[in-house]
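[1] Predicted model, plus sequence, below.
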Amino acid sequence: AQSVAQPEDQVNVAEGNPLTVKCTYSVSGNPYLFWYVQYPNRGLQFLLKYITGDNLVKGSYGFEAEFNKSQTSFHLKKPSALVSDSALYFCAFTHNTDKLIFGTGTRLQVFP
Amino acid sequence: EPEVTQTPSHQVTQMGQEVILRCVPISNHLYFYWYRQILGQKVEFLVSFYNNEISEKSEIFDDQFSVERPDGSNFTLKIRSTKLEDSAMYFCASSPGTENYEQYFGPGTRLTVT
């Protein structure tokens, strides 16, 4: 079955340090890849997406993600983490359909 | 900035009762969705809706579920006879286009079935 995997349940990082939240995909063909963030008691907020073109995608709040076809990855990155970045992050994709298929989520904890 | 709204924020109901969850999508969007998230699990697709009909539904979306766009603004999810396992957070989303467009999510309705 086509899917995305987020291998880490939780990522801990100190404020000011770079952060990476990992996502790998198992999708035939060319998927459209997305990152969403969920703050406590809130809905999902769109961060960024990869459709085609430049493999480095820039999104909201200083986040970026790199599409790597050879490694089938779409890791989310930020050069300098903020305490306010602490939230639940979901990788997702669509492929020949508009339904989003989500990963299991990674909880990011940024410590002051 | 326009946003998707959902009511109520929390609904408690008894097993076997009908519930209707309401959503107001962003006004110029054409594609509408329902997803659910059982506590501690991932977000799962339920149904997509376009041009006043269901365009796709998941295995979860059985005969107990229905969706409707009764007027030009609301989009509703009805569960006819709730079960304990329907307890979850239900998210509505809308989008201006299909698969390569981002979907905008509402804050969710927490449904608790007792």
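    Happy to help now that I have it.
[2] wait, what's in contact with A:L33?
    Listed by CB atoms under 8 Å, 6 or more residues apart in numbering or on different chains, the contact set of A:L33 reads A:V4, A:C23, A:Y25, A:K49, A:Y50, A:A65, A:F67, A:F74, A:C91, A:A92, A:F93. In short, each C-beta sits where N, CA and C put it, glycine included.
[3] meant to ask about A:T106
    A:Q6, A:E8, A:D9, A:Q10, A:V11, A:V21, A:K22, A:L88, A:Y89, A:F90.
[4] and with 7 Å instead?
    Residues near A:T106 by CB atoms under 7 Å, 6 or more residues apart in numbering or on different chains: A:Q6, A:E8, A:D9, A:Q10, A:V11, A:V21, A:Y89.
[5] go on, B:Y50?
    So B:Y50 contacts B:L30, B:Y31 (CB under 7 Å, 6+ apart).
[6] rewinding a little: tell me which of the contacts of A:L33 fall in strands.
    Cross-referencing the contacts of A:L33 against strands under DSSP state E gives A:V4, A:Y25, A:K49, A:Y50, A:A65, A:F67, A:F74, A:C91, A:A92, A:F93.
[7] per-residue pLDDT, the first one?
    Translated: A:V4. At A:V4, the model reports a pLDDT of 94.
[8] what's the closest non-adjacent residue to it?
    Ranked by CB to CB, 6 or more residues apart in numbering or on different chains and with sequence neighbours excluded, the top spatial neighbour of A:V4 is A:G103, at 4.4 Å.
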